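Student: Need coordinates for the following:
(2 chains)
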Amino acid sequence: MIARQLKILLYKVLALSMVLAGFALAQSDDQTVDIRIPNYIGLKIINGSGNIALNSSVAFDYTADVNSYVAAVEGAGVLEPNVASDFEDIQVVVRRGRWYVFVRATPFSYTGPESGAGLNLSDIRVNRGLKSGLTPDAITARAGGWIRPSWSLSNNWQLIVSDRRSTLGWKSLGFNALDYSVAVQGDEDPGEYVTVVTYFLFNP
Amino acid sequence: MIEPMKRFLLLLLLIFFMAAHAAEIGLSPPRLELVGRPGETLTETVSILTTASSPQQIQVDLSDWTLDPEGNLLVLPPASLEFSSAAWLEPEAGDFILEADSSQEFRVSVTIPQDAAYDGTYQSMVFFTVVPPPTETQGVGVITTTRIGLTIYVTIAATEQGGSELVDFFQPDDGNLTVAVANTGNTVMRLGGFVELRDEEGNSKYRLEVPDVPVLRESERELSIPLPEGIEPGFYVALALIEDSRGGILAGELPIQVP
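Tutor: Below is the predicted model of the structure:
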């Protein structure tokens, strides 16, 4: 009789334990937190309003300002852009890994009465931040960041910036349209010279 | 009466299209690392991104590329390199319109030739270039635009051979260390790890990260590792522990003097 009562008691304790255990299990149910960070890169040219540039360009239109052209030929031999452009800054974003920005220009397309002699791609030069005052400090302040301070346009890809880690958001490459200049000697055929300059971001 | 109106509408359309270009392009992910068997076709999707307020025309081109030992990029015509995968690629379009403020999916298919002679990793690149608008530039004009590269590595399954060596470790100047790593295998490997600077008592003083860079198959790569700015002058032992993404560890030790 006592044994039977003990057995019943044990069953009750066991049943109660199972209920409590089930309750406890329900209370400690696992929840997975899944966070996925995308790997991405981007390159943009922005205008003076901070928006994406619609028609970014750099123009040296001296057809209506011949005196300045002549003065440049006789003086420093350098012309600066004189037409408002849509190129206020160029910025890059890279999530991780070493990255590079290269630049290349297409050969001039010439429209005019002559053959388009006297002006070469290499006559167009970019001096980073010289006139714009922009800086690539966010890139160069860290070990491993590298910039080319100035370059002449070329039909070959030229490396102008590299870094070996995330940019931690959009960062300026430190130049804009104002930092372009063109060297003139006075023997350029009159007419229009147009080149397309491509900035290329690579994150191998 | 109708003709002048048509001309006016045509002019408006032309102005709209000339303005409907911008210069921003983004890509996620920036590279694909694919593994497949001969004869297999692999299809992957990447996202082309922009926050521009107007649509952009994007031109798609294929290219070969390689790196010299200093890590400089050489861009070459497609299918011109021995380990090029450009001829195996089929992008879904040659050009397309990227809608304003959007993320657009773009498919790239890779068909590995049914040829047992291929082994290891082959690489190529897909360029996405914002097509600049026509311009009415007078005088000398520089039209600027942006391009982004999708790097594609294709590895032939079951043909991979590993192997890497730390071939040199030196101090080229007061501000840098250089490690030279050889990839003796036939697949691309990525580097990681660190260089630790220990003082004369063996205490760890600085830990310099080894950058995440690829070392292409059967090639060497020199990596410059800048010493920390403001590093205390003195004697250090630089201990390099470089991780090969295929599982190897390369170790080297170099006594250095910082003036």
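Student: Quick one: end-to-end distance for stretch A:121-140.
Tutor: 28 Å (CA to CA, to the nearest Å).
Student: got the buried residues for that stretch?
Tutor: Residues of stretch A:121-140 classed as buried under the neighbour-count rule (16 or more other CB atoms under 10 Å in any protein chain shown) are A:121, A:123-126, A:128-130, A:132, A:134-136, A:138-139. Any C-beta I mention is one placed from the backbone N, CA and C, and that applies to glycine too.
Student: go on, stretch B:109-119?
Tutor: Taking 16+ other CB under 10 Å as the neighbour-count basis, stretch B:109-119 is seen to contain the buried residues B:110-112, B:118-119.
Student: which outside residues touch it?
Tutor: With CB atoms under 8 Å, 6 or more residues apart in numbering or on different chains as the test, stretch B:109-119 has contacts from B:34, B:36-44, B:85, B:88-90, B:92, B:152, B:154, B:156, B:159, B:161, B:186.
Student: Quick check: which ranges of chain A have low pLDDT?
Tutor: A:1-27, A:143 (pLDDT under 70).
Student: and A:Ala71, helix, strand or coil?
Tutor: When the structure is split into helix, strand and coil by DSSP: H, G, I helix; E, B strand; the rest coil, A:Ala71 lands in helix.
Student: Break chain B into its domains for me.
Tutor: Per automatic domain parsing, the domain ranges recorded for chain B read B:25-133+B:141-156, B:164-258.
Student: To A:Ile160, which of these lies closest?
Tutor: Comparing those against A:Ile160 with CB to CB, the closest turns out to be domain B:25-133+B:141-156 (12.1 Å).
Student: how far does that closest one stretch from start to finish?
Tutor: The straight-line separation of the ends of domain B:25-133+B:141-156 (CA to CA) is 31 Å.
Student: Just the contacts of stretch B:109-119: which are in strands?
Tutor: Within these, membership in strands is found for B:34, B:36, B:41-44, B:89-90, B:152, B:154, B:156, as judged by DSSP state E.
Student: Between those residues, which sits nearest A:Ala71?
Tutor: Relative to A:Ala71, the closest of those is B:Ile152; by CB to CB it sits at 52.2 Å.
Student: which residues touch the closest one?
Tutor: Neighbouring residues of B:Ile152 by CB under 8 Å, 6+ apart: B:31-32, B:34, B:85, B:89, B:108, B:110, B:123-126.
Student: need those in TSV with secondary structure and pLDDT, can you?
Tutor: Supplementary listing: these in TSV, determined by DSSP: H, G, I helix; E, B strand; the rest coil; pLDDT from 0 to 100:
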residue	secondary structure	pLDDT
B:Arg31	strand	95
B:Leu32	strand	97
B:Leu34	strand	97
B:Ser85	coil	97
B:Leu89	strand	98
B:Val108	strand	98
B:Val110	strand	97
B:Gln123	strand	97
B:Ser124	strand	97
B:Met125	strand	97
B:Val126	strand	98
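Student: Need the contact partners of stretch B:39-46.
Tutor: B:27-29, B:32, B:34, B:36, B:105-114, B:150, B:154.
Student: ok, back up a step: can you name the two of the buried residues of stretch B:109-119 that are farthest apart?
Tutor: Using CB to CB, the two most remote members of the buried residues of stretch B:109-119 are B:Thr111 and B:Asp119, lying 16.9 Å apart.
Student: winner for burial among the domains of chain B?
Tutor: The highest average neighbour count among those, using mean count of other CB atoms under 10 Å in any protein chain shown, belongs to domain B:25-133+B:141-156 at a mean of 18.
Student: Quick one: the contacts of B:Ile152 as TSV, columns for distance to B:Asp212 too.
Tutor: As requested, the contacts of B:Ile152 are exported to TSV (distance: CB to CB, whole Å):
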residue	distance to B:Asp212
B:Arg31	11
B:Leu32	16
B:Leu34	19
B:Ser85	22
B:Leu89	24
B:Val108	23
B:Val110	24
B:Gln123	16
B:Ser124	21
B:Met125	18
B:Val126	21
